[in-house]
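Undergrad: Structure for this input, please:
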Amino acid sequence: MNLFEKYGGADFWSDFLNTVYENLTASKYTRHHFRSKNISHIKEMLLALLELTLASNAEISEASMREAHRDLGISNEEFDEWISIYRQALSDYKVADQDCVYIIDILSSYRRSIVRYI
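TA: Reported below is the predicted structural model:
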């Protein structure tokens, strides 16, 4: 069984993303990235990406990730906050430690493509 289905599929991961985005939009480090944004659309896209990566082990290209985040100006500190919030939510949702490590490693591997170095 793949990681997407292991925890309950779309329903589980949708609830998980609701928690993640509640915390991201409340964080003083990341909330400015979500003002006037369609959070529902962002969550839908991320749910699809989670399914793609956790169900089929597909990789999203760094070029695609870079393009999607090109104009967002995300700093290292903001990226670290996002990872921290994600990690806490994984723990809160009782995702197994080895699965947390796997997911966080995937997310962290995109740092160079997401963070804007000035």
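Undergrad: Can you show me the helices along the protein?
TA: Along the chain, counting by DSSP state H, helices occupy 3-6, 9-26, 39-56, 62-69, 76-92, 97-108, 111-114.
Undergrad: For the first one, give the mean pLDDT please.
TA: What it means is helix 3-6. When pLDDT is averaged along helix 3-6, the result is 95.
Undergrad: From the contact counts, what lies against it?
TA: Helix 3-6 is packed against helix 39-56, helix 97-108, with contacts defined by 3 or more Cβ pairs under 8 Å, 6 or more residues apart in numbering; DSSP states H and E. Where C-beta positions appear, they are placed from N, C-alpha and C, glycine not excepted.
Undergrad: at 7 Å instead, please
TA: Where contact means 3 or more Cβ pairs under 7 Å, 6 or more residues apart in numbering; DSSP states H and E, helix 3-6 is packed against helix 39-56.
Undergrad: Over to the last one?
TA: The helices and strands touching helix 111-114, judged by 3+ Cβ pairs under 7 Å, 6+ apart, are helix 62-69.
Undergrad: list the contacts for Arg31?
TA: Thr25 (Cβ atoms under 7 Å, 6 or more residues apart in numbering).
Undergrad: Would you mark the buried spots in the helix or strand bottoming out on mean pLDDT in the chain?
TA: Within the chain, no helix or strand scores below helix 62-69, which has a mean of 84 by mean pLDDT, DSSP states H and E. Buried residues in helix 62-69, counted by 16 or more other Cβ atoms under 10 Å: Met65, His69.
Undergrad: So what touches it?
TA: By Cβ under 7 Å, 6+ apart, the residues outside helix 62-69 that reach it are Tyr110, Ser113, Ile114.
Undergrad: Compare those and tell me which has the most neighbours.
TA: Ile114 (20 neighbours; other Cβ atoms under 10 Å).
Undergrad: got a list of what that one touches?
TA: Counted by Cβ under 7 Å, 6+ apart, Ile114 has contacts Met65, His69, Ile74, Phe79.
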